[in-house]
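1. Could you look at this predicted model? Sequence included:
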Amino acid sequence: MIEVTKDLPRSADGLAMDWLEVPFGPVFSGLPGGLKLTLTLDGDGVTEGQAISLVGMVNEVEEGKEVDAETFIERLASAMPLASVSYRLLACQAIERAAGLEEDPATAQARAVALERERIASHMGWLAQLGRQFGFAWLTHRASTLQLEIRCASGKRLAELAPALQALVTRLGRTPLLKSRLKGIGILPSDATGLSGPVARADGNAGDAWGRLWQRLDEITTSLDFIKAIGEPELPVLRNIGHGSGTGEASVETPRGQAQLSLTLEHGQVKSYKLDTACRHHIGLVAQLVEGRELGDALVAVGSLDLSPWEVIS
């Protein structure tokens, strides 16, 4: 036995075992589709890991292939299926500023309501994913049903759905063992930088998976209050920019954090752009969150980040 195991790596308990590199995804229950998570396992412990996106977009316009402004907006929104309204708004704002348009307050308010509606729907989608990961069929079903209703709901309908959303929040708070399963899991490293959205805002609440759950639940309530106070949502539509030229920048707080876009517009055509997203930074947390954890805890930690592989820009 000594001869057989002498060249094997040593586990934390001193035992010599084969370390296995195991892929999870790009289709794995409890993790977003398109995310490939590779973990090196020592028994049921994780020695190291990394995550990559298999569906992220390329951050460039090909040389000599300028894109019509409307086409650029559609392409960007289509490339981000988990937050299409956010990126549609981001593109509209950047293009309108490049063309020299002043912000219209009424349009800005209606767009903001649509953004908050998407935030609620996105957080419902994450809760459905959490339910799949934990085997809570009731949570997956309820959150998925609410997500579908919310995505295109009017302001009035969202107000009608508020009691159902609050009931879900209350039930989650009373779910046996949920807190013990999430508390202390996925604590952010102290030197983490470039974080935004619920991942960053939950840092003041221990910065773990439990804190991220309740941060998103709090944001659902805040978004509902905003919609009730402002009015009806309106999907972002590009205003008339004519054949405008210039450079423009915009920033939008998407459901997963801040996205920034800068672009150059020439005669109504997008000549070049640079996009930065929250998930581009958050995916780098995976290696530190999984190292030294049990396999189940590592998967919970990764899931709690709510990574969108489409928003990982290369």
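-> That came through, no problem. Numbers count the residues shown, from 1 in each chain.
2. Point out where the stretch 201-314 of the chain drops to low pLDDT.
-> The stretch 201-314 of the chain contains no residues with pLDDT under 70.
3. wait, E21 sits on D42?
-> No: applying CB atoms under 8 Å as the test, E21 and D42 come out as separate, 11.0 Å apart. C-beta here means a position set from N, CA and C on the backbone, and glycine is covered the same way.
4. okay, those two: which has more neighbours?
-> Neighbour count, other CB atoms under 10 Å: between E21 and D42, D42 has more, with 19 against 11.
5. Could you measure from that one over to Q129?
-> For D42, the distance to Q129 equals 27 Å [CB to CB, to the nearest Å].
6. in this structure, which spans are helices?
-> 2-5, 69-79, 84-98, 105-134, 137-151, 155-174, 178-182, 197-201, 209-230, 278-282, 286-290, 295-304 (DSSP state H).
7. closest to P189 out of those?
-> Among these, the nearest to P189 by CB to CB is helix 286-290 (4.9 Å).
8. CA atoms of the closest one as CSV?
-> Taking C-alpha atoms only, helix 286-290 is exported to CSV below (Å, rounded to 0.1, in the frame of the first residue of the first chain):
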residue,chain,number,x,y,z
VAL,A,286,-15.1,31.4,-7.7
ALA,A,287,-11.6,30.1,-7.1
GLN,A,288,-11.4,31.6,-3.6
LEU,A,289,-14.9,30.7,-2.6
VAL,A,290,-14.6,27.0,-3.4
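9. what sits against the residue nearest to L213 when sequence neighbours are not counted?
-> Excluding its sequence neighbours, the residue lying closest to L213 (CB to CB, 6 or more residues apart in numbering) is L182, at 6.1 Å. Neighbouring residues of L182 by CB atoms under 8 Å, 6 or more residues apart in numbering: D208, A209, W210, L213, V300, S304.
10. Make a PyMOL selection of the buried ones in those.
-> The buried residues among the contacts of L182 can be selected in PyMOL (16 or more other CB atoms under 10 Å) with this line:
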select buried, resi 208+209+210+213+300+304
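11. would you list the contacts of L182 in JSON lines and tack on distance to I150?
-> JSON lines is the format used below for the contacts of L182 (distance: CB to CB, whole Å):
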{"residue": "D208", "distance to I150": "27"}
{"residue": "A209", "distance to I150": "24"}
{"residue": "W210", "distance to I150": "24"}
{"residue": "L213", "distance to I150": "18"}
{"residue": "V300", "distance to I150": "25"}
{"residue": "S304", "distance to I150": "22"}
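12. Tell me how far T71 lies from I95.
-> Using CB to CB, we find T71 at a distance of 11 Å from I95.
13. Comparing the two, which shows the higher neighbour count?
-> I95 (27 against 12).
14. Can you tell me how far the closest residue to A91 other than its chain neighbours is from G296?
-> Distances taken as CB to CB, 6+ apart place I73 nearest to A91, at 4.4 Å, with adjacent residues excluded. Applying CB to CB, the value for I73 to G296 is 41 Å.
15. which one of the two has more residues nearby?
-> Neighbours per residue (other CB under 10 Å) separate I73 from G296, with I73 holding more: 23 against 13.
16. That one is in contact with I241, isn't it?
-> No: taking contacts as CB under 8 Å, I73 lies outside contact range of I241: 11.1 Å.
17. Report the set of residues contacting both of these two.
-> Listed as contacting both I73 and I241 by CB under 8 Å, 6+ apart are I95.
18. Who's the closest spatial neighbour of A278, skipping the chain neighbours?
-> Nearest non-adjacent residue to A278 (CB to CB, 6+ apart): G257, at 2.6 Å.
19. which residues does L37 contact?
-> Residues near L37 by CB under 8 Å, 6+ apart: P23, F24, G25, F28, L31, G49, Q50, A51, V286, L299, V302.
20. May I have the beta-bridge partners of it?
-> Here L37 sits in beta bridges with F24, A51, going by DSSP bridges.
21. With G45 instead?
-> D42, E294.
22. How much space separates it from L188?
-> 21 Å.
23. same check, this time on L305
-> Distance from L305 to L188, by CB to CB: 10 Å.
24. Touching both of these two, which residues are there?
-> What both L305 and L188 touch, as defined by CB under 8 Å, 6+ apart, is the set V199, L285, L289.
25. Correct me if wrong: the first one contacts I283.
-> Pointing back at V199 there. No: in this structure, V199 is not within contact of I283 by CB under 8 Å, at 11.0 Å.
26. Need the residue closest to the centroid of this structure.
-> R256 (3.8 Å; CA atoms, centre = their mean).
27. From what I see, that residue and H281 are in contact.
-> No: the pair R256 / H281 is not scored as a contact, 10.3 Å apart, by CB under 8 Å.
28. what about stretch 37-52, start to end distance?
-> Stretch 37-52 has an end-to-end distance of 7 Å (CA to CA, to the nearest Å).
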